[in-house]
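Peer 1: Build the 3D model from these lines:
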Amino acid sequence: MAEVIQIKNVSKEFKVLNRREGLRGSLKDLFSRDYKTVRAVDNISMSIEQGEIVGYLGPNGAGKSTTIKMMTGVLEPSAGEILVNGNIPYQNRTRNAQEIGVVFGQRSQLWWALPLVESFKLLKDIYQIPDQQYEDILKLYRSLVDIDPLLHKPVRQMSLGQRTLSDILAAFLHDPKIVFLDEPTIGLDVSMKAKIRMLIHALNKEKNTTVILTTHDMGDVDALCQRIVIIDKGKMLYDNDISHLKGFFGSYRTLKLRTDGELAATAEQIQKEVPDCSVSADEEWISILVDEEKEKVIDVLSRLQKTHTVRDMQLEEISTEEVIKKIYEEGVQS
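Peer 2: Numbers count the residues shown, from 1 in each chain. This next block holds a predicted model:
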């Protein structure tokens with residue numbers, strides 16, 4: 001397969017003013033040259049092939065948005081090389097914009113007061129989409145989702161889920177080679193999340209579009225991504241598939257318990273009893289992440305049954321969410 005994105009030893013640095021406190025300090029800052037250099041992206045290299053769906057993950061402030069901005073041509077790297085569809089993005093911003101689609105946060109590219117179909121027609125003119133190609137893509141959209149009720153509805157009257165779905169359709173309208181999706185399912189209910197994921201997967205399969213997905217929702221990662229890239233503090237921690245990732249933590253199991261008593265308080269007590277494990281609670285279960293290289297799950301359960309009344313239990317493999325969390329905390333090299 002052809003590589004549509006090539007990133008070689010890319011870094012991005014920003015000069016940040018060391019600010020003083022108070023009004024007097026703010027006045028002095030107007031004439032200050034006391035800057036520090038912050039490296040938001042630190043020597044990252046990767047290549048992405050046509051048709052891949054890649055999860056680009058990391059905690060807040062890891063450097064994800066800075067990398068995406070360099071790939072879209074908004075920022076110029078301080079060092080290294082980036083090629084997107086054979087173009088240097090910041091030198092060929094117009095050509096690069098014609099070959100990519102974006103859905104960033106809650107910033108809609110649709111016209112707020114206009115019906116969706118009018119936004120589509122405006123985008124058709126902006127990207128100079130041929131009439132037959134435009135009709136074909138609308139036909140494809142109708143086969144994937146029920147868009148006819150939305151086409152003549154002003155964007156301002158849509159729900160969050162309907163706007164998100166419409167923004168994704170707009171991003172794919174001009175048949176881009178690459179689409180960047182930033183938190184596409186944030187704030188959506190379970191049903192709409194499933195619909196959005198189905199739509200992204202179907203468009204990727206039908207159009208062979210490369211999708212770069214940044215998200216904190218591990219459900220998106222499990223449903224869509226064959227490959228994930230993880231960065232933290234500007235450095236790349238991992239670049240491989242999910243199954244390979246879980247191999248690093250193959251000895252971990254999640255023991256889920258239902259007990260008598262209030263869940264949060266019980267979880268806090270259990271954490272004290274099994275300090276080598278990670279304990280959390282939701283509305284139904286207490287989850288205990290056990291590293292069986294240190295202690296067997298059956299031994300943890302046996303010990304807890306002496307001090308707690310266990311009403312029900314489940315045993316699960318480590319989830320993608322827990323794997324990502326541990327990588328953020330401990331780091332791992334691919």
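
Peer 1: For Thr215, grab the count of nearby residues.
Peer 2: Burial of Thr215 is recorded as 20 neighbouring residues (other Cβ atoms under 10 Å). The way it works is simple: take the backbone N, C-alpha and C, and place the C-beta from them, glycine included.

Peer 1: how close does the spatially closest residue to Val274 that is not a sequence neighbour sit to Tyr252?
Peer 2: The shortest distance from Val274 to any non-neighbouring residue, by Cβ to Cβ, 6 or more residues apart in numbering, is to Val300 (5.8 Å). Look at Val300 and Tyr252: by Cβ to Cβ, to the nearest Å, they are 12 Å apart.

Peer 1: Can you verify my assumption that the residue nearest to Val274 contacts Arg253?
Peer 2: No: in this structure Val300 lies outside contact range of Arg253 using Cβ atoms under 8 Å: 9.4 Å.

Peer 1: Which neighbours do those two have in common?
Peer 2: Between them, Val300 and Arg253 have Val290 as joint contacts when contacts are counted by Cβ atoms under 8 Å, 6 or more residues apart in numbering.

Peer 1: circling back: any shared contact partners between Val300 and Tyr252?
Peer 2: By the contact definition Cβ under 8 Å, 6+ apart, Val300 and Tyr252 are jointly contacted by Val290.

Peer 1: show me where pLDDT drops low in the stretch 151-300 of the chain?
Peer 2: When the per-residue scores of the stretch 151-300 of the chain are filtered using pLDDT under 70, the ranges that remain are 246, 248, 250.

Peer 1: now the strands: where do they sit in it?
Peer 2: Using DSSP state E, counting those that start in this stretch, the strands of the stretch 151-300 of the chain run over residues 178-182, 210-214, 227-232, 235-241, 252-259, 278-281, 286-291.

Peer 1: so what does the shortest one touch, helix or strand wise?
Peer 2: Put plainly, it is strand 278-281. Secondary structure elements in contact with strand 278-281, counted by 3 or more Cβ pairs under 8 Å, 6 or more residues apart in numbering; DSSP states H and E, are helix 263-273, strand 286-291.

Peer 1: Pick the most deeply packed of those.
Peer 2: Across the helices and strands packed on strand 278-281, averaging neighbours per residue (mean count of other Cβ atoms under 10 Å) puts strand 286-291 on top, at a mean of 22.

Peer 1: buried residues in stretch 232-245?
Peer 2: By neighbour count, with 16 or more other Cβ atoms under 10 Å as the criterion, the buried positions of stretch 232-245 are Asp232, Gly234, Lys235, Met236, Leu237, Tyr238, Asp239, Ile242, Leu245.

Peer 1: do the same with stretch 285-304
Peer 2: Along stretch 285-304, these residues count as buried under the neighbour rule (16+ other Cβ under 10 Å): Trp285, Ile286, Ser287, Ile288, Leu289, Val290, Asp291, Val297, Val300, Leu301, Leu304.

Peer 1: The first one touches Arg258, doesn't it?
Peer 2: Yes: here Trp285 lies in contact with Arg258, judged by Cβ under 8 Å, at a distance of 6.3 Å.

Peer 1: what's the span of stretch 202-219, first residue to last?
Peer 2: Between the opening and closing residues of stretch 202-219 lies a distance of 17 Å (Cα to Cα, to the nearest Å).

Peer 1: How far off centre is that stretch?
Peer 2: In this view, stretch 202-219 has its centroid 10 Å away from the chain centroid, taken as Cα atoms, centre = their mean, to the nearest Å.

Peer 1: And the furthest pair within the buried residues of stretch 285-304?
Peer 2: Maximum pairwise distance in the buried residues of stretch 285-304, criterion Cβ to Cβ, is 19.2 Å, between Trp285 and Asp291.
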